[in-house]
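J.: I would like to see how this sequence folds:
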Amino acid sequence: MNADRRFAALSDRLSTEIAAARLHSEHLRMAEALLFASAEPLTEAELAEKLPAGARVARLVEDLAAYYSGRGVNLVKVAGGYAFRTASDLSHLMAKEVVEPRKLSRAALETLAIVAYHQPVTRAEIEEIRGVSTSKGTLDTLIEAGWVRLRGRRRAPGRPVTYGTTRTFLDHFGLDAIDALPGLEELKGSGFFEGRLPPGLSVPLPSDDDTLRPDEEPLDDGDLFMPLEVEADEGEGEADEASSGAAAGRGAR
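T.: Coordinates of the predicted model:
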């Protein structure tokens, strides 16, 4: 009799485990399809919203990453979420298929670096750090690329717009979070800086927290529909030949 009970309990447990394994396998297929079809990285929370209730999202992501680890595409964590990317050792095969993007001007690169490290930052503050005037077209180009966004308005005379980076910026540069950007010591070690550094040069710890700062206020209704006026940067010239690295690091707030 006891043997029968033990057998029945074992049978029930096996049936439960088999059912759970089948359900997990089906959830795995769903998660794989969602990640494959998504144009942007998906966070665990975003996956949980789309998957059936009870799906073990963290386990699903872990299993998919393990399954694809040795294949031609890998599941990687980027911009705070997960996405399929070509295996790094096979990237050369894609070279002929990639459309060469328009290269950013030196002014745009400096402006992007300043926004990334000093956000939230206004146009006037960008100009103060760069040491030259910054055309609105430069910022419009970065916004059009999807790398920079309007965050809010500074609580100051004129209520200037503040700028910050986007998840698209993180995705494009292969960063999981903004604090993965290199610090001063890493930049020195990579040979980015040459010669003596200017006194007081520092590279701030970047943060792209969506929460508005005490000195910021929300955008107005019409701010998100400001027209883009892509134009040549008026500030390029001899003064604009200053080091990009120094521009990114000067004037830490």
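J.: pLDDT weak spots in the stretch 101-250 of the chain?
T.: Scanning the stretch 101-250 of the chain with the threshold set as pLDDT under 70 gives 101-102, 184, 187-202, 222-250.
J.: need the strands for the stretch 1-150 of the chain, in chain order.
T.: Secondary structure of the stretch 1-150 of the chain (DSSP state E, counting those that start in this stretch): strands at 73-78, 81-86, 121-122, 148-154.
J.: and the shortest one, what other elements does it pack with?
T.: This means strand 121-122. Applying 3 or more Cβ pairs under 8 Å, 6 or more residues apart in numbering; DSSP states H and E, we find strand 121-122 packed against strand 161-165. Yep, even glycine has a C-beta here, placed from its N, CA and C like the rest.
J.: Please repeat the previous calculation with a cut-off of 10 Å.
T.: Here strand 121-122 touches helix 106-118, helix 123-130, strand 148-154, strand 161-165, going by 3 or more Cβ pairs under 10 Å, 6 or more residues apart in numbering; DSSP states H and E.
J.: From the chain's centroid, how far away is the last one?
T.: Computed by Cα atoms, centre = their mean, to the nearest Å, the chain-centroid distance of strand 161-165 equals 15 Å.
J.: Relative to that strand, what are the paired strands and their orientations?
T.: Its sheet considered, strand 161-165 pairs with strand 121-122 (antiparallel), strand 148-154 (antiparallel) by DSSP bridges.
J.: Among these, which comes closest to Leu47?
T.: Closest to Leu47 of the strands paired with strand 161-165 is strand 148-154 (Cβ to Cβ; 23.7 Å).
J.: So what angle separates the directions of the closest one and helix 123-130?
T.: Calculated by axes from the mean of the first three to the mean of the last three Cα atoms, to 10 degrees, strand 148-154 forms an angle of 110 degrees with helix 123-130.
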